[in-house]
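*Asks:* Quick one, fold the following:
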Amino acid sequence: MTKAEPAIGTGPEQRPRGAARDAQDETPGGAATAASAGAESGDAGSADAPAPRGPRRIPALLSVAVVAYAIDLITKILVVEHLEGNPPIDVVGEYLRFHAIRNPGAAFGIGEALTVFLTLIAMAVVVVIARIARRLHSLPWAIALGLLLGGALGNLTDRIFRSPGVFEGHVVDFIAPAHFAIFNIADSAIVCGGILIVWLSFRGLDPDGTVHED
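*Replies:* Numbers count the residues shown, from 1 in each chain. The predicted structure follows:
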C-alpha cells in the first residue's frame, strides 16, 4: 500500500502566494501604502508641470486702450475746434508742426481710395484682439494689444462719425514732422503697438505668457 497523500489545506496558511498578496492589498495597511505611492507619483507629475502663467492681463489691455483712445479723441476735438482752417502752428521750428487735415486713407495718408475697406480692417482688428484677450497672460503683450486697440478705435470713430458719411468718414490728422506724412495719436499708438509685437515675437514671448525657442 502506498502512503496517502496529505490533503491540500484550504486555510489561510495554505493560500497561493498571489492570493495572499491580494489579501494584503485589501487590508487597511495595503490601501494606505497604495495611496502613499499614488501621492508620490502625483508630486512627481506636478513637479514636471509648467509653472502658472499668472493672471489674465485683460485689465491692463483695457487700461492702455482707454488711455490711448482718450488722448486721441481729446486731441482731435481740440484740433477741429482751434486749428482746423487756421495756419499751422510751429512746435519745433520747421521740424515739427501742428497742421490739421482730413485724411480719407489709412495711417500716414496711405490708401485714400479704400476708406470703407480700411474701416472693415479696423473692425477686424478689434475682433482679433478680443479673441486673443481670452488667453492673455503677458503684460508686455497686453500693452502692445492695448495700443493697437486704442489706435484702431480712435480712427474707427472718425470713420463712423465724421463726414462725409458712416464708414466713409475722414480721419483728423495734425502731427506734421518735416519731410514726413501727417498723422495723429491713433496712428502713433498703432505703430508703437506693432513694433512692440514684432519685438516680443523675436524674443519668443507668446500672449499666454509662455516663452518658446525656435
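*Asks:* and the longest helix along the chain, what's its mean pLDDT?
*Replies:* The helix that spans the most residues within the chain, counting by DSSP state H, is helix 58-82. Summarised as a single mean, pLDDT over helix 58-82 is 97.
*Asks:* Quick one: residues contacting the spatially closest residue to Leu83 that is not a sequence neighbour.
*Replies:* In this structure, Leu83 finds its nearest non-sequential neighbour in Ala100, 4.4 Å apart by C-beta to C-beta, 6 or more residues apart in numbering. Heads up, the C-betas are built off the backbone N, CA and C, glycines and all. When contacts are counted by C-beta atoms under 8 Å, 6 or more residues apart in numbering, Ala100 touches Val79, Val80, Leu83, Glu84, Gly85, Asn86, Val172, Asp173, Phe174.
*Asks:* Tally up the residues packed near Ser163, please.
*Replies:* Using other C-beta atoms under 10 Å, Ser163 has 9 other residues around it.
*Asks:* next one: Leu200
*Replies:* Neighbour tally, Leu200, other C-beta under 10 Å: 17.
*Asks:* Give the full set of residues in contact with Arg56.
*Replies:* Contact criterion C-beta under 8 Å, 6+ apart gives Ala133, Arg134, Arg135, Leu136, His137 as the residues in contact with Arg56.
*Asks:* ok, the first one touching Leu145?
*Replies:* So that's Ala133. Yes. With contact defined as C-beta atoms under 8 Å, Ala133 reaches Leu145; the gap is 7.2 Å.
*Asks:* Glu213: which element?
*Replies:* Taking DSSP states H and E as the criterion, Glu213 maps to no regular element, lying outside all helices and strands.
*Asks:* what does Leu120 give?
*Replies:* Here Leu120 is covered by helix 115-132, with elements defined by DSSP H and E.
*Asks:* all strands of the chain, in order?
*Replies:* 89-92, 96-103, 171-177 (DSSP state E).
*Asks:* Could I get the CA-only coordinates of the longest one as PDB?
*Replies:* When you say that, I think you mean strand 96-103. Backbone C-alpha positions of strand 96-103 (Å, rounded to 0.1, in the frame of the first residue of the first chain) are rendered in PDB as follows:
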ATOM      1  CA  LEU A  96       7.500 119.700 -36.300                       C
ATOM      2  CA  ARG A  97       4.200 121.500 -36.800                       C
ATOM      3  CA  PHE A  98       0.600 121.000 -36.000                       C
ATOM      4  CA  HIS A  99      -1.300 121.200 -39.200                       C
ATOM      5  CA  ALA A 100      -4.900 120.000 -39.400                       C
ATOM      6  CA  ILE A 101      -6.100 117.900 -42.400                       C
ATOM      7  CA  ARG A 102      -8.800 115.400 -43.100                       C
ATOM      8  CA  ASN A 103      -7.400 112.100 -44.300                       C
END
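*Asks:* Lovely, talk soon.
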